[in-house]
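K.L.:
attaching a predicted model along with its sequence, questions to come.
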Amino acid sequence: DQQVKQNSPSLSVQEGRISILNCDYTNSMFDYFLWYKKYPAEGPTFLISISSIKDKNEDGRFTVFLNKSAKHLSLHIVPSQPGDSAVYFCAASDSNSGYALNFGKGTSLLVTP
Amino acid sequence: DTGVSQDPRHKITKRGQNVTFRCDPISEHNRLYWYRQTLGQGPEFLTYFQNEAQLEKSRLLSDRFSAERPKGSFSTLEIQRTEQGDSAMYLCASSLAGGYSGNTIYFGEGSWLTVV
């Protein structure tokens, strides 16, 4: 069962504009959420995280928003750059029942010049 | 380079052969994880160690798979009698213990396995 869902397989954005990547989850016990970026043939690289006690976390051009009531989080990238083109994975964990991360299937972001 | 290191990066093997992957975590991290990723999917959890103790195993980890972390430092993942369905990228990751930051895990570059 897919507990973390990224319903958009791909997204194309112009350079300089905002990229918004969405993620939904079903397990209300998840209390920590992360975004990873992945280039082909490489491992995922940690981008940004948020705990369930917050609704927003910002790091430079990257901001993650968490809406617990809707079980939804989003990653905003402003401004988008061509080097941001990669696959972005949303992940979630329940820190009270183990340490496995549950990943979505990813969204492929293409930032065009 | 102080990141998570995996070896080999690529392995092609014939069906039925055994393969072993090695992972060296970030030095101060006491938690180590193995994940598997196939095309079009996100990483899937296989197993987790805290120091040398294997504390969690996914149902994906069949009896042909064995993972060890003998001294709480590097880890090995062995696949016996490989099958074509084992073809995937095997990802190792590590993290610090404690609090939410312990759930931020850092991945290596992965080991690609192709079973022919």
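P.N.:
Looks like it arrived, so ask away.
K.L.:
quick one: the strands in the chain?
P.N.:
Chain wasn't specified; assuming chain A. A:4-5, A:10-14, A:19-25, A:32-38, A:45-51, A:56-59, A:62-67, A:72-77, A:86-93, A:102-103, A:107-112 (DSSP state E).
K.L.:
let's do chain B instead
P.N.:
Assigned by DSSP E, chain B shows strands spanning B:5-7, B:10-13, B:19-24, B:31-37, B:44-50, B:53-57, B:65-68, B:75-79, B:88-95, B:106-107, B:111-115.
K.L.:
close to chain A, is the longest one?
P.N.:
Yes: looking at strand B:88-95 against chain A by C-beta under 8 Å from any C-beta of the partner chain, the contacts come from B:89, B:91, B:93, B:95. Bear in mind the C-beta positions are built from the backbone N, C-alpha and C, glycine included.
K.L.:
of the residues you listed, just say which sits nearest to chain A.
P.N.:
The nearest member of the residues of strand B:88-95 next to chain A to chain A, counting by C-beta to the nearest C-beta, is B:L91 at 5.4 Å.
K.L.:
quick one: pLDDT of the spatially closest residue to the closest one that is not a sequence neighbour?
P.N.:
The shortest distance from B:L91 to any non-neighbouring residue, by C-beta to C-beta, 6 or more residues apart in numbering or on different chains, is to B:Y35 (4.3 Å). pLDDT for B:Y35: 96.
K.L.:
OK, contacts around B:Y35?
P.N.:
With contact set as C-beta atoms under 8 Å, 6 or more residues apart in numbering or on different chains, B:Y35 has these partners: A:101, B:43-46, B:90-93, B:107.
K.L.:
which phi and psi does the closest residue to chain A within chain B have?
P.N.:
Closest to chain A within chain B is B:G42: 3.0 Å, counting by C-beta to the nearest C-beta. The phi and psi values for B:G42, taken as degrees, to the nearest 10, are phi -80, psi 170.
K.L.:
now it: closest residue in space that isn't a chain neighbour?
P.N.:
Ranked by C-beta to C-beta, 6+ apart and with sequence neighbours excluded, the top spatial neighbour of B:G42 is A:F103, at 3.0 Å.
K.L.:
beta partners for the one you found?
P.N.:
For A:F103, the beta-bridge partners are A:A91 (DSSP bridges).
K.L.:
quick one: it from A:Q3, how far?
P.N.:
9 Å (C-beta to C-beta, to the nearest Å).
K.L.:
show me which of these two is the more surrounded one.
P.N.:
A:F103 (25 against 16; other C-beta atoms under 10 Å in any protein chain shown).
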